[in-house]
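have a look; sequence and predicted model below, questions after that.
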Amino acid sequence: MSTIAIVGAGPQLGRAIAHRFAREGFDVALIARSRTTLEKMVVELTETGVRAAAFPADVTDRPGLRDALAAAEDHFGTIDVLEYSPGPSPADFAARPIVEASQLTVESIMPEMEMYVYGGVTAVGQVLPGMLRRGRGTILATTGAGSGPMIVPEVANVQVATAGLRNFILNLHASVAERGVYAAHVALGAFIGQGSPKSEPDVIADAYWRLHQERSESELFYLDLPEDYVFEGVSPQFLSEGE
């Protein structure tokens, strides 16, 4: 039995990815800050016959994140797929507002680096040695499309950090692909669950399963924004899903 660990598992995309991989026979380890959210998802999954468990952790607490992933490995035996997609909560936005490029400071970048780069490197560092020993595994990391394919200067502090995670994953793919481990970055430009059929969580989750199965692309630019899209502030989905 294979296991997927979803770090930053929220009630929209994280939930959809969990169900998509569970339909293919995967056990599911859910990691995020909200124990309540995780436990609801575990109940939902187990009611359908899926083996699932929650491992609450904050990705900015690196020892805690390592411990959560180690506990998931102990519980299920292995982590065969890691999906890393932490998201800010309303409290995060209140504590560290988004910053436009001309106003960028080191102080405004550092918390985002903790969430995306340091957390991502920590999560990968915990599961990658086992994947390399077994000669197989998948690592998928998700950020907003502003990490590379799109330029949105209004959220520069976030994008500096997500660009770092993107660069890490692309380099990781080049490093480990010939050793049986597949790594890919998903640059997500969509209002999840807000109208367009292509932006529905279950539809997006299908793309993650395809990446895992085909193992051919080191990056997927998943774009489903209006042609006349103009940044008008933080999407409500970020204020409801969180981590």
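Cool, the structure landed.

state the pLDDT value of the spatially most central residue of the chain.
Geometric centre of the chain, nearest residue: S85, 1.5 Å, by C-alpha atoms, centre = their mean. We have a pLDDT of 96 for S85.

over to M1?
M1 is assigned 78 on the pLDDT scale.

kindly report the same for P97.
89.

so what's the nearest residue to P201 once chain neighbours are set aside up against?
Among residues not flanking P201 along the chain, A16 sits closest, at 3.6 Å (C-beta to C-beta, 6 or more residues apart in numbering). (C-beta placed from N, C-alpha, C; glycine too.) Shown in contact with A16 (C-beta atoms under 8 Å, 6 or more residues apart in numbering): P201, D202, I204, A205.

repeat that for A141.
E83, Y84, S85, G120, L165, R166, F168, I169, A183, A184, H185, V186 are the contacts of A141 under C-beta under 8 Å, 6+ apart.

that one looks like it's in a strand, true?
Yes. Under DSSP: H, G, I helix; E, B strand; the rest coil, A141 sits within a strand.

partners of it in the sheet?
Y84, H185 (DSSP bridges).

confidence score at it?
98.

please apply the same query to E232.
pLDDT, E232: 56.

I'd like the numbering to begin with 40 instead of 1 from here.
Will do, 40 is the new start, and the previous item becomes E271.

please enumerate the strands of the chain.
42-46, 66-70, 91-93, 120-123, 176-183, 220-229, 258-263 (DSSP state E).

state the mean pLDDT of the longest one.
Read that as strand 220-229. So the average pLDDT for strand 220-229 ends up being 96.

give me the angle between it and strand 258-263.
Note on geometry: by axes from the mean of the first three to the mean of the last three C-alpha atoms, to 10 degrees, strand 220-229 and strand 258-263 are set 20 degrees apart in direction.

tally of neighbours for K237?
12 (other C-beta atoms under 10 Å).

hmm, it is touching A229, no?
Yes. The pair K237 and A229 qualifies as a contact (C-beta atoms under 8 Å) at a distance of 7.1 Å.

now for these two: what residues contact both?
Common contact partners of K237 and A229 (C-beta under 8 Å, 6+ apart): I243, D263.

for the protein, name the helix or strand with the lowest mean pLDDT.
helix 129-134 (a mean of 82; mean pLDDT, DSSP states H and E).

distance between that helix and the chain's centre?
Here helix 129-134 is found 19 Å from its chain centre; the criterion is C-alpha atoms, centre = their mean, to the nearest Å.

low-confidence ranges, this protein, go.
Scanning the chain for pLDDT under 70 picks out 234, 267-282.

residue ranges of the helices in it, please?
For the chain, helices defined by DSSP state H occupy the ranges 52-61, 74-85, 101-115, 129-134, 145-152, 158-173, 195-215, 240-253.

hang on, the earlier thing: what comes up buried for the least confident helix or strand of the chain?
D131 (16 or more other C-beta atoms under 10 Å).

now do the residue of the chain most remote from its centre against G169, distance only.
Distance to the chain centre peaks in the chain at S141, reaching 27.9 Å (criterion: C-alpha atoms, centre = their mean). Note on S141: its distance to G169, by C-beta to C-beta, to the nearest Å, is 44 Å.

what do you get for A162?
13 Å.

between these two, who's got more neighbours?
The neighbour comparison of A162 against G169 (other C-beta under 10 Å) goes to A162, with 28 against 14.

do I have it right that that one meets L104?
Yes. Using C-beta under 8 Å, A162 is in contact with L104, at 6.2 Å.

identify the contacts common to those two.
In contact with both A162 and L104: V46, V98, using C-beta under 8 Å, 6+ apart.
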